[in-house]
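Trainee: Structural data only, the sequence is not supplied:
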């Protein structure tokens, strides 16, 4: 948000300061038309026709510029600011006749008002889009980057800039201090707009940048707002400072507690899958305007109330998404471009004449850039992020955009900065907006948007932590099969958090959406939600496992070709360590295939390739119908893990070890060892073998201490021996777990790969999923998370 301004305006010394605009001229709004033959005045002497012409010229020039510049991959903000610069005193506006005709001084009040209304609603929508819950979910790297990228520039640049500006005039000193503080901030809206422009908002890099920006922006707002009250208390009195704090507290209470309750009531009145009624949208828009009036009335900047209001709007459907859908086109397509063009109109490059000002401002910007890059780069590299991605992240955190120009045009209106400094800042924003996206595109490949830097898998998750599992269901029997597995996956010592996603194909003209069933929306149809039968299954499961499990149910309605992206995005958003997917084939009571869903198989393959965490494909052979049948499960659940070595087998074993903490589970670990020891040493990577031995060591110890854990080794010569042993295990277990990928040259699987029908299950998983198996044994094929290698 906005940083402190010059001390010449006390209210302008901190963010959200008031900048009053006064005008006492009586203006005629509309002309009498061409039929008023007695009037010799030009229609441009009337405000409404003149405004129409101004808007037409501004937007026509903007779209013409963008038509050419977008082919050079310049962002839209460049065209919008350049349009204003061309029409302003830097170009055509230097011609007095042009300026007096199209942009006379008395008409600029209306453009100023429209641009500020646009900025108001822009900040409200940014608040709606800003997910402050990301702060809770942010890891240490996001906290480190968000905090350091704000504090390092503030701590280092302000003292250095004080030395650089010692010889300047007092008004220039104050203006340069304003510049130093403003440029040190990292505005969330600018980062979000850049990520959307680059189409990497939902990537691992984008999410990290967004989390860091949220932390930095909110921390900056807090620090500068506190500075506001301290300064008010010092320059006026302690009573004034306390009154300011109390007034702000009352406003925050009204927005956070009163209005948020009203918004949840609106959500409860909205049917699932439907948009919020238009009357509710109008009510919220009026409330946003009232919050702006109250903010201005108590001495804060008018943006403060709308921004906080946006933060407390429940994100996503139905309310947050409806507000964005209904307001974003008008705000982002009309009001915000007008604001940027207005900033261009105020830019006068001919006002730049003092070499000392230019050199000092360049030095300040360079120091801030170095501070931000170092603050982002060092924590990223420390956490083993690839160098290219770390540099891309540092560039993203250093970008500039609409918040800077919007803030400085407000500063210039209240005389905190002069034309020279404003022109230099605008030039800096243009250069940054042109260069940073190009550099990021060169450094970061958006096709890797779910590539992981942090380990989100079962193996590296704390044993006693709450493991997050996303289970995807397409039918009720998928839900019942996953519940059977989840029931033995958690315990009070090792709890789990389950996110159940019912995936529904988008049919007709409905828009894709994700429904969160915890919001308490009423059903959109008299017969209930289309996911009601799925919800009942998981509600029953939650009720039966209170104390060891939390459950949250979602419905994703999407096109078949995009379903995998919804699943990966939800897993990414919820920081899941494991995605459970149903097998695309369904088996009857006699073991025969009764359903073969090719589209589901395609989805599973996409998810295995793109997932941000580990993935398990569950092959269910137990026909369980209806929620009540869950009660009929046996008290003993027999699990076998087939261990041939490698990342995926270690992941499957880590999941099984958590299951073993459940009193119902009896675990058997079968390790396959090649009878040809030389071949074993040759074909297995030495590091992998060491990791295998490390995870097996605990199991060997547990098998000697615990009666419900068995460890045994099987010596085999080739894949046929492995297949025979696995075949003999069919009827002895309720669930067999195995990793998906194994060494292609391993003697343990030699000959199996050639006969593999389903490569997404791996050679062993493919054999276990065969219709030749008649026993009701389920299979879980596990793939460990793809980690992005450091380069």
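Mentor: Structure's in. What do you need? Not measured: the values here are computed from a predicted model. Residues are numbered from 1 along each chain as shown.

Trainee: Please name the nearest non-neighbouring residue to the residue sitting nearest the centre point of the chain.
Mentor: The centroid of the chain falls nearest to residue 207 when counting by C-alpha atoms, centre = their mean (4.6 Å). Take residue 207 and drop its neighbours on the chain: the residue closest to it by C-beta to C-beta, 6 or more residues apart in numbering is residue 572, 6.9 Å away. C-beta: built from backbone N, CA, C; applies to glycine.

Trainee: Run the chain-centre distance for the one helix or strand the one you found maps to.
Mentor: Element membership for residue 572, per DSSP states H and E: helix 563-573. On the basis of C-alpha atoms, centre = their mean, to the nearest Å, helix 563-573 sits 12 Å off its chain's mean C-alpha point.

Trainee: Could you list every helix and strand that that helix packs against?
Mentor: Other helices and strands packing on helix 563-573, by 3 or more C-beta pairs under 8 Å, 6 or more residues apart in numbering; DSSP states H and E, are strand 467-473, strand 496-505, strand 549-558, helix 598-610.

Trainee: Save the ones you listed as a markdown table, and put in distance to residue 93 too.
Mentor: Formatted as a markdown table, the helices and strands packed on helix 563-573 follow (distance: least, C-beta to C-beta, whole Å):
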| stretch | distance to residue 93 |
| --- | --- |
| strand 467-473 | 56 |
| strand 496-505 | 56 |
| strand 549-558 | 49 |
| helix 598-610 | 51 |
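
Trainee: closest one to residue 350 among the ones you listed?
Mentor: Closest approach to residue 350 among the helices and strands packed on helix 563-573 (C-beta to C-beta): helix 598-610, 52.5 Å.

Trainee: Quick check: buried residues in the closest one?
Mentor: Residues of helix 598-610 classed as buried by neighbour count (16 or more other C-beta atoms under 10 Å): 600, 601, 602, 603, 604, 606, 607, 608, 610.

Trainee: Can you pull out the residues in contact with the following helix or strand past the helix holding residue 572?
Mentor: Downstream of helix 563-573, the next assigned helix or strand under DSSP H and E is strand 578-582. Applying C-beta atoms under 8 Å, 6 or more residues apart in numbering, the contact partners of strand 578-582 are 457-458, 467-475, 478, 481-482, 485, 567, 571, 600, 603-604, 607, 611, 613-618, 620, 655.

Trainee: could you check the angle helix 563-573 makes with strand 578-582?
Mentor: Angle, strand 578-582 to helix 563-573, by axes from the mean of the first three to the mean of the last three C-alpha atoms, to 10 degrees: 150 degrees.

Trainee: quick one: which of the buried residues of helix 598-610 is nearest to residue 95?
Mentor: Distances from residue 95 to the buried residues of helix 598-610, taken by C-beta to C-beta, are shortest for residue 610, at 56.0 Å.

Trainee: can you map out the strands along the stretch 651-791 of the chain?
Mentor: Secondary structure of the stretch 651-791 of the chain (DSSP state E, counting those that start in this stretch): strands at 665-674, 709-716, 735-739, 778-783.

Trainee: following the helix or strand containing residue 322, which helix or strand shows up next?
Mentor: Secondary structure assignment for residue 322, by DSSP H and E: helix 319-330. Using DSSP H and E, the helix or strand that directly follows helix 319-330 along the chain is helix 336-345.

Trainee: and whichever helix or strand comes after that next one, how far from the chain's centre?
Mentor: Later in the chain than helix 336-345, the nearest helix or strand by DSSP H and E is helix 355-382. Remark: helix 355-382 is offset 26 Å from the chain centroid, using C-alpha atoms, centre = their mean.

Trainee: surely residue 784 meets residue 614?
Mentor: Yes. Applying C-beta atoms under 8 Å as the test, residue 784 and residue 614 come out as touching, 5.2 Å apart.

Trainee: between those two, what contacts are shared?
Mentor: Common contacts of residue 784 and residue 614 (C-beta under 8 Å, 6+ apart): 457, 651.

Trainee: okay, these two: which has more neighbours?
Mentor: In terms of neighbours (other C-beta atoms under 10 Å), residue 614 is the more surrounded of residue 784 and residue 614; the figures are 30 against 25.

Trainee: ok, now which ones touch the more buried one?
Mentor: Shown in contact with residue 614 (C-beta under 8 Å, 6+ apart): 456, 457, 458, 577, 578, 579, 651, 782, 783, 784, 785.

Trainee: Out of those, who's the most crowded?
Mentor: Highest count within these by other C-beta under 10 Å belongs to residue 782, 30 neighbours.

Trainee: Count the neighbours of the closest residue to that residue other than its chain neighbours for me.
Mentor: Nearest residue to residue 782 in three dimensions, chain neighbours excluded: residue 652, at 4.0 Å (C-beta to C-beta, 6+ apart). If you count neighbours by other C-beta under 10 Å, residue 652 ends up with 28.

Trainee: Which one among the buried residues of helix 598-610 sits at the bottom for pLDDT?
Mentor: In terms of pLDDT, residue 610 ranks lowest among the buried residues of helix 598-610, with 83.

Trainee: Surely it and residue 566 touch.
Mentor: No. Judged on C-beta under 8 Å, residue 610 makes no contact with residue 566 at a distance of 11.6 Å.

Trainee: Quick one: mean pLDDT for stretch 81-95?
Mentor: Across stretch 81-95, the average pLDDT comes to 90.

Trainee: For residue 118, state which of the buried residues of helix 598-610 is nearest.
Mentor: The closest of the buried residues of helix 598-610 to residue 118 turns out to be residue 610 (C-beta to C-beta; 37.5 Å).

Trainee: Any figure for the gap between that closest one and residue 560?
Mentor: Residue 610 sits 15 Å away from residue 560, going by C-beta to C-beta, to the nearest Å.

Trainee: Residue 55: what's it in contact with?
Mentor: By C-beta under 8 Å, 6+ apart, the neighbours of residue 55 are residue 338.

Trainee: Give the helix, strand or coil label for it.
Mentor: Put simply, residue 55 is helix when judged by DSSP: H, G, I helix; E, B strand; the rest coil.

Trainee: pLDDT weak spots in the stretch 451-600 of the chain?
Mentor: Within the stretch 451-600 of the chain, the segments meeting pLDDT under 70 span 451-454, 506-513, 519-530.
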